[in-house]
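Engineer: mind looking at a prediction? Sequence and model below.
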Amino acid sequence: MSGRDYDLKTILNIPLFEALQDILAKTTGTAIITVDYKGTPVTRHSCRTEFCSVIRENPISRKRCFRCDALAGLEAVRLNSPFIYLCHCGIVDVAVPVVAGDRYLGAVMFGQVRIPDNSADVKVERLVGEITSLQREDAEAARELMEKYERIPKMEYRRVVEIAEMLEAIVRYIVCQAMDRRSQAMTYEWMLSAAGRQRHSAPQAPVDIGDLQQRQEGRQEPEPPAAGRELAGSPIYPAIRYLESHRQDRVTMAEMAELCHLAPSYFCRIFSRTTGETFVDYVNRQKVAWAKEMLRESEAAVSQVAAELGYLDTSYFIRVFKKYEGVTPLVYRLHGYR
């Protein structure tokens, strides 16, 4: 089953997960919160530090917290592992990605700790350029905030990594269990429907339940196109797969970013980094490749080829084709270019 059928609320039983989150936070000595792909919290904060509570009272600082959570989750799914970083206040947080199938849903964030000064050899990346100053106009407020900062627990980097690995294992287990339950439920519903149809038809051989389940599973998850299989697991994989199965569609980068649950600017960067070219170049090059195949293997007119690939203007299609192949579609067909 595709991750497109899921969101965090279908994966997590929020009240039960919040109870688990509380236990994990107390056991590990960290603060934990779960956010969606935009960085917006979907659970309450477990064991949030006094310092972070004060920081999040300020609208500007709270917005920076959400931005850190969103970017860290995206970086974690890009790396396919927990991402350890410094937030805008300079304290250590970790994003553990929640991924169902090929879709990034959000992240379990934990941390609000400091690495001891004797860990100078440990390099933790600062995620955003904006740095929230701890200075305040009110001297008393500044002193109280610094005291809260000093009370933030210190934790060895090795221990942070151990907690990240544990939470990653827990999250993957929960996601796998949720997907299995959903798949089994759909299979059961399909089998009941098939059995109902049989009762109203001519007598047949007994239904093989195992065969029904295999057929249902095969129907749910068709084999992905070969060109996109090497990108399976990438945050942009849903977009690649969509493009390959919807050749006639005229899609925008914003639409594909939304499909992947990514911000357009981040989608643009990660797409270029993954494929080695811009989104527009990738789409055009793919459509030109499909056009070449159609020109070689069919008698379709150039205008028909253009229409089949979603081009409303044949002249524009010809210009795009010539940009990438150096010749027009007609010349390509007549001279048998390869």
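Structural biologist: Looks like it came in fine. Residues are numbered from 1 along each chain as shown.
Engineer: need the residues that contact stretch 148-156.
Structural biologist: Residues outside stretch 148-156 that contact it (CB atoms under 8 Å, 6 or more residues apart in numbering): 29-30, 49-51, 54, 91-92, 112-116, 119, 134. Backbone N, C-alpha and C define where each C-beta goes, glycine included.
Engineer: closest to Phe17 out of the residues you listed?
Structural biologist: Closest to Phe17 out of the contacts of stretch 148-156 is Thr30 (16.0 Å), distances taken as CB to CB.
Engineer: wait, doesn't that closest one sit right on Gln112?
Structural biologist: Yes - with contact defined as CB atoms under 8 Å, Thr30 counts as touching Gln112 (6.5 Å).
Engineer: hang on, the earlier thing: who wins for most neighbours among the contacts of stretch 148-156?
Structural biologist: Highest neighbour count within those: Gln112, with 27 neighbours (other CB atoms under 10 Å).
Engineer: you'd agree that one is in a helix?
Structural biologist: No - going by DSSP: H, G, I helix; E, B strand; the rest coil, the assignment for Gln112 is strand, not a helix.
Engineer: just the pLDDT for the residue lying closest to it once chain neighbours are set aside.
Structural biologist: Counting by CB to CB, 6 or more residues apart in numbering, Ala31 is the residue found nearest to Gln112 once chain neighbours are left out, at 3.9 Å. For Ala31, the pLDDT comes out at 95.
Engineer: give me the beta-bridge partners of Ala31?
Structural biologist: Note on Ala31: beta-bridge partners Gly111, judged by DSSP bridges.
Engineer: contacts only, for it.
Structural biologist: Counting by CB under 8 Å, 6+ apart, Ala31 touches 25, 45-49, 52, 110-112.
Engineer: farthest-separated two in the contacts of stretch 148-156?
Structural biologist: Farthest-apart pair in these is Val54 and Ser119; separation 25.8 Å (CB to CB).
Engineer: show me the shaky parts of the stretch 101-250 of the chain.
Structural biologist: Under the criterion pLDDT under 70, the flagged ranges of the stretch 101-250 of the chain are 118-121, 127-131, 134-137, 181-233.
Engineer: quick one: classify the residue nearest the centre of the chain as helix, strand or coil.
Structural biologist: The C-alpha lying nearest the average C-alpha coordinate of the chain belongs to Tyr104 (CA atoms, centre = their mean; 2.5 Å). Under three-state DSSP, Tyr104 falls in the strand class.
Engineer: mind giving me the domain ranges of this protein?
Structural biologist: 3-177, 279-335 (automatic domain parsing).
Engineer: who wins for proximity to Tyr266 among the ones you listed?
Structural biologist: Of all the domains of the chain, it is domain 3-177 that lies closest to Tyr266, at 5.6 Å by CB to CB.
Engineer: and that closest one, how far out from the chain middle?
Structural biologist: Using CA atoms, centre = their mean, to the nearest Å, the distance from the centre of domain 3-177 to the centre of the chain it belongs to is 17 Å.
Engineer: for Val288, give me its contacts.
Structural biologist: 320-321, 324-325 are the contacts of Val288 under CB under 8 Å, 6+ apart.
Engineer: quick check: it vs Ala169, distance?
Structural biologist: Distance of Val288 to Ala169, computed by CB to CB, to the nearest Å: 45 Å.
Engineer: equivalent analysis for Gln304, please.
Structural biologist: The spacing between Gln304 and Ala169, counted by CB to CB, is 53 Å.
Engineer: if we can go back for a sec, and the contacts of Ala31, which are buried?
Structural biologist: Applying 16 or more other CB atoms under 10 Å to the contacts of Ala31, the neighbour count classes 25, 45-49, 52, 110-112 as buried.
Engineer: quick revisit: among the contacts of Val288, which lie within helices?
Structural biologist: Of the contacts of Val288, the ones assigned to helices by DSSP state H are 320-321, 324-325.
Engineer: of those, buried ones?
Structural biologist: Using 16+ other CB under 10 Å as the burial test, the ones in helices among the contacts of Val288 include 320-321, 325 as buried.
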